[in-house]
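Engineer: Quick one, structure for this:
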Amino acid sequence: MIRHAAAIVVALCLFTAPVAAQNTEITINAASASVHKSPSAGSPVIGRANRGTTLEVTREVGDWVKVTWPSAADGSGYVRTNAGSIGKAAPVAARAASSASRPAAQPASAPAPRLTTSANAEPQRVGTVPPRPQSSSNISTPRHQIGLGARLGGSALGLGASARAWSRGPLGVQFDVSRFSQTDPTSTVMTSTQFGPSALYTFGDRISDYIWLRPYAGAGATFNRSTMTPFGGLPVSDSNAGFQAFGGGEFSVASLPQLAVSADMGYHWFESPFAGHELGGFSVSVAAHWYIK
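Structural biologist: Numbers count the residues shown, from 1 in each chain. Coordinates of the predicted model:
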C-alpha cells in the first residue's frame, strides 16, 4: 500500500512540474506602430500598437514580423522590425516563480496590469507594466536587400551572373552579364556578351507559412559585344545597344530564406550586327540569388 501511494505521489510531481517554454516577441519602442494585413507598406492597416506593447512573434519575414493580433480575421498581423526590439520571452517556469515570489495580497486600488484590445484593434497597457526580461541578443532576420547569383536563359540560351538589390520600398535594381553562342548551317559561330542594367518594381510580397513570393516587373538597357567567326576565316566584332522589359517573380522557402529562385519572361529590342544571327525577341530566363544582406 505504501509503495502504491509513493508511486502516485511521484507521478503527480512529474506531471505537475512546470514546463519551460520560450517564445519570440517584439516590444514596441516607437510612439506607435502600424499593424498591417500583409508584410507590405501598401497593405491595409488593421490596427496600431502603442509604445510598450509586447506582441508574440510567430514568424519573421525580411523587414517584417508576423504577430498575434486577435481582432484580425486570421488572428495575425505584420509589424516592421524597426518599430521595436525582438527577443526571447521569459520561460514559463521563470514567470511562475516570479509570480509566486510576489506578496499574496495587493491593495484593491492597484489592479494587476492587463492587455486590452479595443474595438479598433488597438491593444493598450492598463496600469504600470513592469519591465519584461529580454534576451541579450536580438534575432537576425533575412532582409532580401542584396543578392548575388547566376542566370540561365534570355532571348537565346546563355549563362551568366546576376546581382539584385532591393530598397526598403517597392523599387530595386538588377545587373546581368550573360554570354551567348550560336552556330549557323555554314559553321559560322557568333558569340555575344550582353550586359543589362535594369530597374525593378515589386507589387508587394505574398507570404504563406512556407513560401515567400515577390512578383516584380523590370525594364532597362542592354549592351552587346558580338564576334562572328566564319569557318576558316578571321573573326569580326561589333557592338550595339538595345532595350529590354520583363516580368516575373522570385520565391524563397521558410527553411532557407536567404536563397531566392526567380523566373521571368520578357522581350529584347535590338538589331543583331550580323545577318542570320538573332539575339532579340522573346526571352525566358531563370535565376538564383543568395541574399548576403
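Engineer: Now the spatially most central residue of the chain, what are its backbone angles?
Structural biologist: Residue closest to the average C-alpha location in the chain (C-alpha atoms, centre = their mean): Gly62, at 3.6 Å. Main-chain torsions, Gly62, degrees, to the nearest 10: phi 60, psi -130.
Engineer: tell me, how many neighbours does Gly280 end up with?
Structural biologist: 18 (other C-beta atoms under 10 Å). Bear in mind the C-beta positions are built from the backbone N, C-alpha and C, glycine included.
Engineer: got it, and the one 10 residues further on?
Structural biologist: With neighbours defined by other C-beta under 10 Å, the count for Trp290 comes to 13.
Engineer: Phe243 now?
Structural biologist: 14.
Engineer: picking that back up, double-check the residue nearest to the centre of the chain against His144; I have them as touching.
Structural biologist: Yes - applying C-beta atoms under 8 Å as the test, Gly62 and His144 come out as touching, 5.1 Å apart.
Engineer: Now list whatever residues contact both of those two.
Structural biologist: Residues touching both Gly62 and His144 (C-beta atoms under 8 Å, 6 or more residues apart in numbering) are Pro257.
Engineer: quick one, helices of the protein?
Structural biologist: Secondary structure of the chain by DSSP state H: the helices cover 2-15, 92-100.
Engineer: What mean pLDDT does the first one get?
Structural biologist: Helix 2-15 shows a mean pLDDT of 47.
Engineer: change the start of the numbering to 59 and stick with it
Structural biologist: That works, and once the first residue is 59, the last one we named lands at helix 60-73.
Engineer: list the contacts for the residue nearest to Val93 when sequence neighbours are not counted?
Structural biologist: Closest residue in space to Val93, ignoring its immediate chain neighbours: Gly135 at 4.0 Å, by C-beta to C-beta, 6 or more residues apart in numbering. Gly135 makes contact with 93-95, 104-105, 124-125, 127, according to C-beta under 8 Å, 6+ apart.
Engineer: Under the pLDDT cut-off, which ranges of the stretch 159-308 of the chain? List them.
Structural biologist: 159-201, 213, 267 (pLDDT under 70).
Engineer: Pairing-wise in the sheet, spell out the partners of the residue lying closest to Ser250 once chain neighbours are set aside.
Structural biologist: Nearest non-adjacent residue to Ser250, counting by C-beta to C-beta, 6+ apart: Ser284, 4.1 Å away. On the basis of DSSP bridges, Ser284 is bridged to Ser250, Asp296.
Engineer: Does Ser284 touch Ser297 like I think?
Structural biologist: Yes - the pair Ser284 / Ser297 is scored as a contact, 7.4 Å apart, by C-beta under 8 Å.
Engineer: okay, and the common contacts of those two?
Structural biologist: The contact lists of Ser284 and Ser297 share Pro331, where a contact means C-beta under 8 Å, 6+ apart.
Engineer: out of those two, which sits in the more crowded spot?
Structural biologist: Between Ser284 and Ser297, Ser284 has the larger neighbour count (other C-beta under 10 Å), namely 21 against 11.
Engineer: Contact partners for that one?
Structural biologist: Ser284 neighbours (C-beta under 8 Å, 6+ apart): 248-251, 295-298, 330-332, 335, 337.
Engineer: before we move on, the earlier item: in strands only, show me the contacts of Gly135.
Structural biologist: Using DSSP state E, 93-94, 104-105, 124-125 are the members of the contacts of Gly135 that sit in strands.
Engineer: nearest to Ser220, of these?
Structural biologist: Nearest to Ser220, judged by C-beta to C-beta, of those is Lys124 at 29.4 Å.
Engineer: Now that closest one. Nearest residue, chain neighbours left out?
Structural biologist: Lys124 sits nearest to Arg117 (C-beta to C-beta, 6+ apart), 4.1 Å away.
Engineer: mind checking how far the one you found is from Gly227?
Structural biologist: From Arg117 across to Gly227, the span is 22 Å (C-beta to C-beta, to the nearest Å).
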